[in-house]
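Engineer: the following block contains a protein sequence and its predicted model.
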Amino acid sequence: MSISRREFLESAAAASALAALSGLPRPAQAAGGEKWVKSVCRYCGTGCGLYIGVRDGKVFAVKGDKENHNQGFLCLKGFLLPQILTAPTRCLYPMIRKDGKLVRATWDEAMSLVAARFKEAIEKYGPDSVAFYGSGQGLTEETYVANKLFKAGIRTNNVDGNPRLCMASAVGGYVTTYGKDEPMGCYEDIDHADVFLLVGSNTAECHPILFQRIVRRKEKAPGTKVIVLDPRRTPTARIADLHISFKPGTDLAILNAMAYVLVQEGLIDEEFIKNHVTFGEGTEANKSFEDYKAFLAQYTPEKAAEIAGCKAEDIVTAARWFGEKGKASMSMWTMGLNQRTKGVWANNLVHNLHLITGKIGTPGSTPFSLTGQPNACGGVRDGGALSHLLPYGRLIANEAHRKEMEKLWGVPEGTLKPKPGPSTVEMFQKIEAGEIKCVYIMCTNPGQSLPNVGRYRKALQREDVFVVVAEAFHPTRTTELADVVLPAAAWAEKEGVYGCSERRYQLLEQAIPPSGESRPDFEILCDLGRRLGLGHLVPFKTPTDVWNEILTICKGTVYDFSGMTRERLRQAHGILWPAPTADHPGTKRRYVKGEDPFVPADWPHRIKFYGRPDSRAVVWMRPFKGPEEAPDADYPMYYTTGRVIEHWHTGTMTRTCKELVHANAEAVAEMHPADAAKLGVKTGDKVKISSRRGSEVFKVKVTDTSRENLVFVHMHDDQHLCNLITIDALDPISKQPEFKICGVKVDKA
Ligand code: SF4
């Protein structure tokens, strides 16, 4: 480890000290509270369980749920959640833009206007002139209602959401390799793993409670190895036994070279390959193991090291550790792997390592994609609220799936359109082109979060585009562009289900009434449905009504969680799907006989990849290909963006918490000392970073975290938009943008 235990404890202590500054009662002081309501953290996809303390109708504290996977722990963001409810930026009443200004309106005025503009556009230009843009932060019931309303009611597939920006390539990786989306393992695997391969994931800052669990495993089992593949020496890399820093976008070469070493050194599981694996290239799974070996021949460690700018012996070490017989290996990754024009391919290559070594489906051995948002998995991925999906694994383009959903939704055959709608960036391009006239944006902030955001901010400002934003906070960089702002109830003020990274569905109970005039998104959407004459499709009175319908929609699919009744969810601390009957305990490891209810008891092997017709997973031959825009003579440095531990996404919530702002006030540009010296800047100076798309000025932080010739900028700051610079090139399979890599020039400002 390159950080001492003392250093680690010091940083943990610093975090606790910061928590103590909050002024919030610690759980121990909160004994006089009226009640503690079971809930889930509002932020990252770790999905930590917590209890909300309520006194006199107000939230006064939270405490971690000891019976949930997080074992009572919360990170500082989670601990400070109560502050967001009373933030001065809470949006408390509807607003309509008049003479260029947003002014207060009644709910009836606002909703009448929204319904009238949507109706007018649909009548004049057809259903595809309107769109819904949702979020991995919406509750499952809300996302489900929106998806049904737009796809089956308005009859448009112009439905997408911000998970397209964060996990679409992970979905693409799972679906192409195993035939079905979502990780097959669980958090408990962390406690059994001997080797962790963390790729493009700053787990320490982005999923702190999982990082803490990795550290605990390492302390308990000192032989545990942590391998970090990341261009930056992040806080995660500081606990690594091996950190491989490489040129951004070259990890495909490294991962192929690891596979080369595994094959060369006999660290593979031939029996597993024979029984469970097939090989493929392009889109066809019709290759042989011999073809794969021939493909790998071009990725010797030396060749990969030359491409990636790292050491060949480190690649060999990483492969040997990962492949050591008798050891359990767990991979984890996030946006470093996903936000790329080759994101799906990079995901495939991580899966390859597990499949050729057979390190999959046993405790501690699993490929595990970590999710950035609390309900990206549950509401959007599983719920099918993307432009090419229908709920629970069904596809828009599949006629049988459409017919099945039409029957389940009780709409005439032919209602669902067969052509997938536009993905997120394409949707905003259609707004830019004037093809989409009305957009309903729920619980997300595209005016800040889209890549090449200057372009799409202009699109949203078109005179002939009507922008509705349902949001719990105002102003945001999106509400400032809205024609109508609808005040949405926030976390703790409404009820619904979240699904976190490990397939765990959890109920968030309502703890307090909505603030001001705000209403739960579920109610607002049902109201819109009624005003559009589609009330029969969304007749729900409560989120429980929606959940009961969802249970009928998932039944018979491989997601089947129809045994997760509302009552059961109220009692449980989350249940992992599949759980097809009321007495099924949930499934820790998918595809595994004896654990997954969809693997028949008489299946001759321990594992069945039933997502694919031949029940085999595919090892894909994915060649190295660089990023869309590598540095060049005009824009000579790499630019990348990411999170810091104190803030979350576009900061609409965390930047209202004074302690979090105090700890990390504004986005800075992290630069390697050699780059800073060349430019003649020091920490605190300002630099202007420019790409072909835009520029922004940031304060500099000189740090060895950053690789030479790579400038890293925090993504959360609404006053310094890092996405004026990022590129909107897409992965052709997942349609996820390449946020992580582009070329920039940096000048002293
Ligand atoms: S790790 Fe994620 S889910 Fe857990 S408390 Fe922190 S922000 Fe919330």
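Structural biologist: Here it is on my side, so go on. Numbers count the residues shown, from 1 in each chain.

Engineer: name the residue of the protein that lies nearest to the ligand.
Structural biologist: residue 78 (2.6 Å; C-beta to the nearest ligand atom). In this view, the C-beta of every residue, glycine as well, is placed from N, C-alpha and C.

Engineer: give me the neighbour count for that residue.
Structural biologist: Look at residue 78: counted by other C-beta atoms under 10 Å, it has 23 neighbours.

Engineer: ok, which stretches of the stretch 451-600 of the chain are helices?
Structural biologist: Applying DSSP state H, counting those that start in this stretch to the stretch 451-600 of the chain gives helices spanning 453-460, 521-531, 543-554, 566-571.

Engineer: let's have those in a markdown table, adding mean neighbour count and mean pLDDT.
Structural biologist: As requested, these are exported to a markdown table (neighbours: other C-beta atoms under 10 Å; pLDDT from 0 to 100):
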| stretch | mean neighbour count | mean pLDDT |
| --- | --- | --- |
| helix 453-460 | 20 | 98 |
| helix 521-531 | 23 | 98 |
| helix 543-554 | 19 | 98 |
| helix 566-571 | 14 | 98 |
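
Engineer: those helices into TSV, with extra columns for distance to the ligand?
Structural biologist: What follows is those, written out as TSV (distance: least, C-beta to the nearest ligand atom, whole Å):
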stretch	distance to the ligand
helix 453-460	24
helix 521-531	20
helix 543-554	21
helix 566-571	18
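
Engineer: could you dump those to CSV with distance to residue 681?
Structural biologist: Formatted as CSV, those follow (distance: least, C-beta to C-beta, whole Å):
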stretch, distance to residue 681
helix 453-460, 25
helix 521-531, 45
helix 543-554, 52
helix 566-571, 53
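
Engineer: now the residue of the chain closest to the ligand: which helix or strand?
Structural biologist: Using DSSP states H and E, residue 78 sits within helix 76-79.

Engineer: output that helix as CSV, nothing but the C-alphas.
Structural biologist: Output in CSV follows, covering the C-alpha atoms of helix 76-79 (Å, rounded to 0.1, in the frame of the first residue of the first chain):
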residue,chain,number,x,y,z
LEU,A,76,-20.4,12.6,5.0
LYS,A,77,-22.8,13.4,2.1
GLY,A,78,-25.3,10.9,3.4
PHE,A,79,-24.9,12.1,6.9
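
Engineer: and the next helix or strand past it?
Structural biologist: Per DSSP H and E, the first helix or strand lying C-terminal to helix 76-79 is helix 82-85.

Engineer: so which bits of that following helix are buried?
Structural biologist: Within helix 82-85, the residues scored as buried using 16 or more other C-beta atoms under 10 Å are 82-85.

Engineer: so what does that helix touch, helix or strand wise?
Structural biologist: Packed against helix 82-85 by the contact rule (3 or more C-beta pairs under 8 Å, 6 or more residues apart in numbering; DSSP states H and E) you find strand 58-64.

Engineer: how about the residues of the protein by the ligand?
Structural biologist: 41, 43-44, 46-48, 74-75, 77-78, 207-209 (C-beta under 6 Å from any ligand atom).

Engineer: now with 8 Å?
Structural biologist: Selection of the chain residues close to the ligand by C-beta under 8 Å from any ligand atom yields 40-48, 50, 64, 70, 73-79, 81, 207-210, 374, 500, 648.

Engineer: now do the domain split for this protein, please.
Structural biologist: Following the TED database, one finds the domains of the chain at 5-86, 95-165+375-506+515-538, 167-370, 637-726.

Engineer: closest to residue 627 out of those domains?
Structural biologist: Closest approach to residue 627 among these (C-beta to C-beta): domain 167-370, 3.8 Å.

Engineer: and the closest one, end to end?
Structural biologist: From its first residue to its last, domain 167-370 covers 9 Å (C-alpha to C-alpha, to the nearest Å).

Engineer: how far away from the center of its chain is it?
Structural biologist: Averaging C-alpha positions (C-alpha atoms, centre = their mean, to the nearest Å) puts domain 167-370 19 Å from its chain's average.

Engineer: next, format the domains of the chain as a markdown table and append distance to residue 606.
Structural biologist: A markdown table is the format used below for the domains of the chain (distance: least, C-beta to C-beta, whole Å):
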| stretch | distance to residue 606 |
| --- | --- |
| domain 5-86 | 25 |
| domain 95-165+375-506+515-538 | 20 |
| domain 167-370 | 7 |
| domain 637-726 | 37 |
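
Engineer: quick check: which ranges of the stretch 351-500 of the chain have low pLDDT?
Structural biologist: By pLDDT under 70, the stretch 351-500 of the chain has no low-scoring segment.

Engineer: actually, the stretch 1-150 of the chain.
Structural biologist: 1-33.

Engineer: just to revisit the earlier point, narrow the residues of the chain next to the ligand to those in helices?
Structural biologist: 76-79, 208-210 (DSSP state H).

Engineer: of the residues you listed, which pair is most distant in space?
Structural biologist: 79 and 210 (16.3 Å).

Engineer: mind listing what's buried along stretch 576-588?
Structural biologist: Residues 576-580, 584, 586-588 are the ones in stretch 576-588 that count as buried (16+ other C-beta under 10 Å).

Engineer: now do the same end-to-end measure for it.
Structural biologist: End-to-end for stretch 576-588, by C-alpha to C-alpha: 7 Å.

Engineer: do stretch 508-520 as well
Structural biologist: Termini of stretch 508-520 sit 13 Å apart (C-alpha to C-alpha).

Engineer: state the mean pLDDT of it.
Structural biologist: If you average the pLDDT over stretch 508-520, you get 98.
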